[in-house]
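S.K.: The following comprises the amino acid sequence and a computationally predicted model.
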Amino acid sequence: MTSKPTILVTRKLPDAVEARLARDYNAILNPHDKLYTPEELIEMSAKADAMLPCHSEHLTADVIGKLSDRIKAIANFSVGYDHVDVAAAKARGIIVTNTPDVLSDATAEIAMLLMLGAARRASEGERLVRSQGWKDWSPAFMVGTQVTGKRFGVIGMGRVGQVTAKRARGFDMDVHYYNRSRLDATREAGATYHDSVDSLLPNADVLSIHCPATPETKGLVNAAAIEKLPDGAVIVNTSRGAVVDDDALIAALKSGKVAAAGLDVFNGEPVDIHPGYRDLQNVFLLPHIGSATRETRNAMGFRALDNLDAIFAGREPGDRVA
Ligand code: DGY
């Protein structure tokens, strides 16, 4: 009997996922959910045939270059894989996979929460109630932006973008989108296609960002882009902080050009996010919890394991990205 492959699991995973790992592999688990340093990851890689990391591990070209030769695969517990230098992995013959599809519903829920929370001033209102600062009611009190019937602009109409657009239609929103290629009529579901971000922006009363972070999308939502939005637009980001130029967004939130923003992802997260966000009232901020439901976290783990199962059975994994 051949021995089971060893998997280096970098974070604490749901019980059911760890149980399957323990059944099918020699799993190096992380029961205390310690955030390993790059040096620790490199050292531990000597004992493993594959890694199962999250976006909290930054697998730069330097780290990948120093991983043990034993490592055959990096099976991410995430759909985004901007934390992995895929070119470096490819150069070393390391297979990289992600977990698409399974987190679209959960992320779309958070996009709706951010949209409503930002547009209807939820953080500000909640703070007022908690701090006993709520002393009065008047027609002028806490007036926000209504989203019903407005235009919902999507950058990146992939799986998450499509589900989010569907949810926005529940608020009678008119969906516009930019995507590298136009969707077929079924997936488009009546949405208006724009072949450039510049064409989309003036049509986005709410702009929801769903494109991955790549060198091409870094800082895509910058001062020039924000200027093209309708006055008083709302910006929602559940993708990656890198797509947004923080200085530009903060300036627009201060001037009122952007009425409000709902953000789940940040440049420099978790500890080095732009301090300007913390002082603003018109932002609704969450700590990167788009996929944080029990159902989705299980599904992400199982999807990562499906990819590992295929790799160690000599088959092509379903979600190979490098
Ligand atoms: C993802 O899957 O990319 C989420 O952002 C969590 O990492």
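M.R.: It's in. Residues are numbered from 1 along each chain as shown.

S.K.: Residue 276 contacts residue 245, doesn't it?
M.R.: No - look at residue 276 against residue 245 with Cβ atoms under 8 Å: they stay out of range, at 11.9 Å. Every C-beta, even on glycine, is put in place using the N, C-alpha and C of the backbone.

S.K.: Between these two, point out the one with more neighbours.
M.R.: A direct count of neighbours by other Cβ atoms under 10 Å for residue 276 and residue 245 places residue 245 higher, at 21 against 15.

S.K.: gap between the closest residue to that one other than its chain neighbours and residue 196?
M.R.: Counting by Cβ to Cβ, 6 or more residues apart in numbering, residue 245 lies nearest to residue 222, which is 4.0 Å off, once chain neighbours are set aside. Noted for residue 222: a distance of 15 Å to residue 196, by Cβ to Cβ, to the nearest Å.

S.K.: List the contacts of the nearest residue to residue 220 once chain neighbours are set aside.
M.R.: Using Cβ to Cβ, 6+ apart and skipping the chain neighbours, the partner closest in space to residue 220 is residue 243 (5.2 Å). Shown in contact with residue 243 (Cβ atoms under 8 Å, 6 or more residues apart in numbering): 155, 209, 211, 213, 217-221, 237.

S.K.: hang on, the earlier thing: I figured the residue nearest to residue 245 hits residue 246, correct?
M.R.: No - using Cβ under 8 Å, residue 222 is not in contact with residue 246; the gap is 10.0 Å.

S.K.: which non-adjacent residue is nearest residue 148?
M.R.: Nearest one to residue 148, counting by Cβ to Cβ, 6+ apart, is residue 171 at 5.0 Å.

S.K.: nope, residue 319 is what I meant
M.R.: The nearest residue in space to residue 319 (Cβ to Cβ, 6+ apart) is residue 97, at 4.5 Å.

S.K.: Roughly how far does the residue nearest to residue 220 sit from the ligand?
M.R.: 12 Å (Cβ to the nearest ligand atom, to the nearest Å).

S.K.: so where do the helices sit in the stretch 51-200 of the chain?
M.R.: 61-66, 86-91, 104-119, 122-130, 159-169, 185-188, 197-200 (DSSP state H, counting those that start in this stretch).

S.K.: Put together a markdown table for those, with mean pLDDT on each row.
M.R.: A markdown table is the format used below for the helices of the stretch 51-200 of the chain (pLDDT from 0 to 100):
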| stretch | mean pLDDT |
| --- | --- |
| helix 61-66 | 98 |
| helix 86-91 | 98 |
| helix 104-119 | 98 |
| helix 122-130 | 97 |
| helix 159-169 | 98 |
| helix 185-188 | 98 |
| helix 197-200 | 98 |
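
S.K.: List just the one of these that sits closest to residue 296.
M.R.: Residue 296 lies closest, by Cβ to Cβ, to one member of the helices of the stretch 51-200 of the chain: helix 104-119, at 4.1 Å.

S.K.: and the closest one, what other elements does it pack with?
M.R.: Judged by 3 or more Cβ pairs under 8 Å, 6 or more residues apart in numbering; DSSP states H and E, helix 104-119 is in contact with helix 159-169, strand 206-209, strand 233-237, strand 258-263, strand 283-285, helix 294-312.

S.K.: what does the stretch 201-322 of the chain put close to the ligand?
M.R.: Residues of the stretch 201-322 of the chain lying near the ligand by Cβ under 6 Å from any ligand atom: 290-291.

S.K.: Can you name the residue of the stretch 201-322 of the chain nearest the ligand?
M.R.: Of all residues in the stretch 201-322 of the chain, the one sitting closest to the ligand is residue 291 (4.9 Å; Cβ to the nearest ligand atom).

S.K.: Now for that residue: which residues touch it?
M.R.: Residue 291 sits next to 78-79, 103, 106-107, 297, 300 when contact means Cβ under 8 Å, 6+ apart.

S.K.: how about 10 Å then?
M.R.: Applying Cβ atoms under 10 Å, 6 or more residues apart in numbering, we find residue 291 in contact with 77-80, 99, 102-107, 109-110, 160, 238, 264, 297, 299-300.
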